[in-house]
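1. Make a model of this:
(2 chains, ligands or ions: 2)
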Amino acid sequence: MFGLEKKDARLLILVAVLVAFAPFILNPFPEGSGLAQFNAGYPDLMQRFVIFGIFAIGFNILFGLTGYLSFGHAAFLGVGSYAAMWMMKLLTMNVIPGIVVSVIVAGVFSLAVGWISLRRSGIYFSILTLAFAQMSYSLAYSVLTPLTGGETGLQPKITDPRILDAALAPGATPKANLFGLEMGSSVELGMGSWLFTFNAGYYVAAIVMLVAFYMSIRIFRSPFGMMLRAVKSNQQRLNYTGLNTKPYTLAAFVISGMYAGLAGGLMVAMDTQVGAERMFWTASGEVVLMTILGGVGTLIGPVLGAGAIKYMENILSKINSDILHTWFAFLPDGLEDFVVTLIYPFIGKGWHLTLGLIFMAVVIFLPGGLVEGGQKIAKLFKRKSPVDDSPDGKTTPAE
Amino acid sequence: MGILEVKNVGKRFGGLQALGDVNLSIAENSVHAIIGPNGAGKSTLLNCLVGKLIPDTGSVMFDGQSVLGRKPYEINQMGISRVFQTPEIFGDLSVMENMMIPCFAKRDGSFKPNVFINMLKDREIVERAEHMLEEMNMSDKRHMHAASMSRGDKRRLEIGMCLSQEPRLLLLDEPTAGMARADTNNTIDLLKQIKEERNITIAIIEHDMHVVFSLAERITVLAQGTPLVEDTPDNIKGHPKVREAYLGETQEAA
Ligand SMILES: Nc1ncnc2c1ncn2[C@@H]1O[C@H](COP(=O)(O)OP(=O)(O)OP(=O)(O)O)[C@@H](O)[C@H]1O
Ligand SMILES: [Mg+2]
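-> Ligands and ions are numbered 1, 2, ... in the order given. Model prediction:
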């Protein structure tokens, strides 16, 4: 199917189904119940899941395949966001031109950054990319203020030219849309005490994510992808085998930069504002964490890692001590206070602590990330059935 | 004129003159062995041929063209493949993938961004790689992680990878070190067979005299960075200088 091996096609379909039904899957708890706290099926967060999924998928093409660790990918995301925002201001609030241009601009920018950074490898490469990103961040706050809006950032304004759009109705504000379908519009479905929200923006982003995921599978299975893995494995041998590693690594860098730009463009399409903090080095570090947490060099790992981190960031951080007290109200008073005090550092603002601990545990016990964890569990369940995990999946040459 | 002409090549590492003044001519379609004690500069000489090192003096011509100043991948694309003294393979990849990479390099050149084809659907490459694995007697190991193989198998894989490129000049740096006796003999047979089937020139560095005398048509003895003598195997065997500088030592050691 689509030129994929059976195994990969199954994975793609599985992801597509999960993404399509995410509004149900992520909202398992009825409204108003104590556990509704853990529901993640609201538009904002679901959009973030898929957008950061795209970011991490792209990052993994560079880091997972070639082993080059970039600490500056947030710069490409930010540049993509600014580009998309300008398209909205100048051309139209339709998200298509913005998204397309964000990919192109991020691609050109990453070509320049990659051209220079890839002169070095290892830690020096990482430092160079970090330097570029921090430089972009500082410039966005200072000399580039006319382009970036400086500290206030950019938002669409009623007075923007928008040369392709018809004039706004009096009193209306410019809203991001896809040929009239507003990104913010949602359909709600109540079933008993459950409430499910289907958001247009989420589904647009989700479809883009599926396409991005499909392309990454194709890259992984192509000769080009194999050469990238060969770069990671033994660059010297590759050189003496007549292959020029430079264009391979540069192409991987640009592709992953374009993925980052795409994510940045989508962010603006979903939430029409952008500021320079999007390029800060912590944002670059986050995508590294996502990729490692999910499983470096695996197909689905980065998406899982992005989901896990965004979930913790948004759900764990909202739990406060009052909520804890209601959960543990059944315990005797003294014990209740004790348990709450014990858990408190790990929630709310302390969610970073939880993330840090989980990250350490994964790196130490599951170097292959969440994907390896999943494989281990799967193995427990089907110890008997012969699994075909040969690296080149030779046995099923199915169409 | 040989296919490879090395003239007055010298290389210093700090205070150490690793290569003095090396002149070497390797005739097309011959097997030329380079022998010499440890530290004689044999590997250094090969490094100067494939672009890993740039000699301080002298020239290296391959088929009438200078290789100096060219990048390793360009030199390989000219038709020179090299097997290293310590196996250089793609440890994280499967044996089959290891074999496919040189096949791609041979057919598609030094860079091809073929992102949208499935490498397993590339019949030509798959067949070529499979054929080569069969020749190397490694078909059963095709799905193995290359890093998990024995040292001898890694080396055989590396030889196979180089042969799959059908190089015009094959440089072998102690190709049978670490191999079991049977595999050594297989490798000798394979090289002989390849030699008969197609045009190939082989330069081989080897400590194992059995291998040297089974294959070589000419032998150069290198000691302390300078060639002592160059002659046919029969003459080398009896050469007093060689016995003194080299053969005597290893035969006692062996
Ligand atoms: N990159 C380098 N930097 C410094 N010295 C080097 C370098 N490469 C080789 N040498 C030195 O040059 C001399 C020749 O080394 P070379 O590896 O060419 O010897 P060899 O003949 O291949 O020996 P062996 O049989 O042990 O492989 C040695 O003394 C070695 O230590
Ligand atoms: Mg050596």
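2. can you tell me the helix or strand for the closest residue to ligand 1 within the stretch 101-250 of chain A?
-> Closest to ligand 1 within the stretch 101-250 of chain A is residue A:236: 13.5 Å, counting by CB to the nearest ligand atom. C-beta: built from backbone N, CA, C; applies to glycine. Using DSSP states H and E, residue A:236 sits within helix A:223-239.
3. Pull out the buried positions in the helix or strand of chain A with the lowest mean pLDDT.
-> Every helix and strand in chain A was compared by mean pLDDT, DSSP states H and E; the lowest is helix A:321-327, with a mean of 84. Within helix A:321-327, the residues scored as buried using 16 or more other CB atoms under 10 Å in any protein chain shown are A:324, A:327.
4. Check which helices and strands it sits against.
-> Using 3 or more CB pairs under 8 Å, 6 or more residues apart in numbering or on different chains; DSSP states H and E, the elements in contact with helix A:321-327 are helix A:333-343.
5. Let me know the angle separating whatever helix or strand comes next after the helix it packs on from helix A:333-343.
-> Next along the chain after helix A:333-343, taking DSSP H and E as the criterion, comes helix A:351-365. Inter-element angle recorded for helix A:351-365 and helix A:333-343: 70 degrees (by axes from the mean of the first three to the mean of the last three CA atoms, to 10 degrees).
6. Helix A:351-365 - what's its average pLDDT?
-> The average pLDDT within helix A:351-365 is 91.
7. With stretch A:249-266 instead?
-> What stretch A:249-266 shows for mean pLDDT is 98.
8. coming back round to it: just the C-alphas of the least confident helix or strand of chain A, formatted as PDB.
-> Output of helix A:321-327 as PDB, limited to C-alpha atoms (Å, rounded to 0.1, in the frame of the first residue of the first chain):
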ATOM      1  CA  SER A 321      -2.600  20.600  46.300                       C
ATOM      2  CA  ASP A 322      -6.400  21.200  46.500                       C
ATOM      3  CA  ILE A 323      -6.900  18.500  43.900                       C
ATOM      4  CA  LEU A 324      -4.600  16.200  45.700                       C
ATOM      5  CA  HIS A 325      -6.500  16.700  49.000                       C
ATOM      6  CA  THR A 326      -9.700  15.800  47.400                       C
ATOM      7  CA  TRP A 327      -8.200  12.600  45.900                       C
END
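9. Look up the closest residue to the spatially most central residue of chain A, ignoring the ones flanking it.
-> Nearest to the mean C-alpha position of chain A, by CA atoms, centre = their mean, lies residue A:52 at 1.5 Å. Excluding its sequence neighbours, the residue lying closest to residue A:52 (CB to CB, 6 or more residues apart in numbering or on different chains) is residue A:306, at 3.9 Å.
10. list the helices and strands the host helix or strand of residue B:237 packs on?
-> In the assignment (DSSP H and E), residue B:237 maps to helix B:233-238. Packing contacts for helix B:233-238, counted by 3+ CB pairs under 8 Å, 6+ apart, involve helix B:209-215, strand B:218-223.
11. So what are the sheet partners of the helix or strand that the shortest one is followed by and their directions?
-> Sequence-wise, the next helix or strand beyond strand B:218-223 is strand B:226-231, with elements assigned using DSSP H and E. In the sheet, strand B:226-231 lines up against strand B:218-223 (antiparallel) (DSSP bridges).
12. For the stretch 51-200 of chain B, what lies in contact range of ligand 2?
-> For the stretch 51-200 of chain B, the contact set with ligand 2 under CB under 5 Å from the ion comprises residue B:85.
13. Can you name the residue of the stretch 51-200 of chain B nearest to ligand 1?
-> In the stretch 51-200 of chain B, the residue that lies nearest ligand 1 is residue B:85 (5.6 Å; CB to the nearest ligand atom).
14. That residue: neighbouring residues, count only.
-> 16 (other CB atoms under 10 Å in any protein chain shown).
15. my read: residue A:154 touches residue A:90, true?
-> No. Taking contacts as CB atoms under 8 Å, residue A:154 lies outside contact range of residue A:90: 11.6 Å.
16. the more surrounded of those two?
-> More crowded of residue A:154 and residue A:90, by other CB under 10 Å: residue A:154, with 20 against 14.
17. How about that one: what's its closest non-neighbour residue?
-> Nearest in space to residue A:154, with sequence neighbours left out and distances taken as CB to CB, 6+ apart, is residue A:85 at 4.8 Å.
18. Let me see the contact set for that neighbour.
-> Counting by CB atoms under 8 Å, 6 or more residues apart in numbering or on different chains, residue A:85 touches A:98, A:154, A:156, A:268, A:272, A:273, A:274.
19. Also residue B:145?
-> A:391, B:91, B:92, B:93, B:94.
20. Of those residues - the most surrounded one?
-> The residue in the contacts of residue B:145 with the most neighbours, by other CB under 10 Å, is residue B:93 (23 neighbours).
21. Which of the three states applies to residue B:19?
-> Following DSSP: H, G, I helix; E, B strand; the rest coil, residue B:19 is assigned to strand.
22. Specify the beta-bridge partners of it.
-> residue B:11.
23. need the contact list for it.
-> B:9, B:10, B:11, B:41, B:44, B:45, B:48, B:55, B:225, B:226.
24. In a markdown table, list the residues you listed along with pLDDT and distance to residue A:29.
-> Converted to a markdown table, the contacts of residue B:19 look like this (pLDDT from 0 to 100; distance: CB to CB, whole Å):
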| residue | pLDDT | distance to residue A:29 |
| --- | --- | --- |
| B:9 | 96 | 76 |
| B:10 | 95 | 78 |
| B:11 | 95 | 72 |
| B:41 | 94 | 74 |
| B:44 | 96 | 70 |
| B:45 | 95 | 72 |
| B:48 | 95 | 70 |
| B:55 | 95 | 73 |
| B:225 | 91 | 77 |
| B:226 | 92 | 82 |
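25. Near ligand 1, list only the ones from those.
-> Contacts with ligand 1 within those, as defined by CB under 6 Å from any ligand atom: B:41, B:44.
26. Using JSON lines, please lay out the contacts of residue B:19 together with neighbour count.
-> JSON lines is the format used below for the contacts of residue B:19 (neighbours: other CB atoms under 10 Å in any protein chain shown):
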{"residue": "B:9", "neighbour count": "24"}
{"residue": "B:10", "neighbour count": "17"}
{"residue": "B:11", "neighbour count": "22"}
{"residue": "B:41", "neighbour count": "25"}
{"residue": "B:44", "neighbour count": "21"}
{"residue": "B:45", "neighbour count": "29"}
{"residue": "B:48", "neighbour count": "25"}
{"residue": "B:55", "neighbour count": "22"}
{"residue": "B:225", "neighbour count": "23"}
{"residue": "B:226", "neighbour count": "17"}
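27. check contacts around residue A:334.
-> By CB under 8 Å, 6+ apart, residue A:334 lies in contact with nothing.
28. Distance of it relative to ligand 1?
-> To ligand 1, residue A:334 is 70 Å away according to CB to the nearest ligand atom, to the nearest Å.
29. tell me the contacts of residue 11?
-> Reading this off chain A. Residues near residue A:11 by CB under 8 Å, 6+ apart: A:217, A:299, A:300.
30. think we crossed wires, I meant chain B
-> The contact partners of residue B:11, by CB under 8 Å, 6+ apart, come to B:17, B:18, B:19, B:41, B:44, B:48, B:53, B:55, B:56, B:225.
31. how about the second one, what does it touch?
-> The one in question is residue B:18. B:11, B:12, B:41, B:44, B:225.
32. Mind pulling up the pLDDT for the residue in the stretch 101-250 of chain B positioned nearest to ligand 2?
-> Taking CB to the ion, ligand 2 has its nearest neighbour within the stretch 101-250 of chain B at residue B:173, 5.9 Å off. pLDDT recorded at residue B:173 is 95.
33. Perfect, I'm done here.
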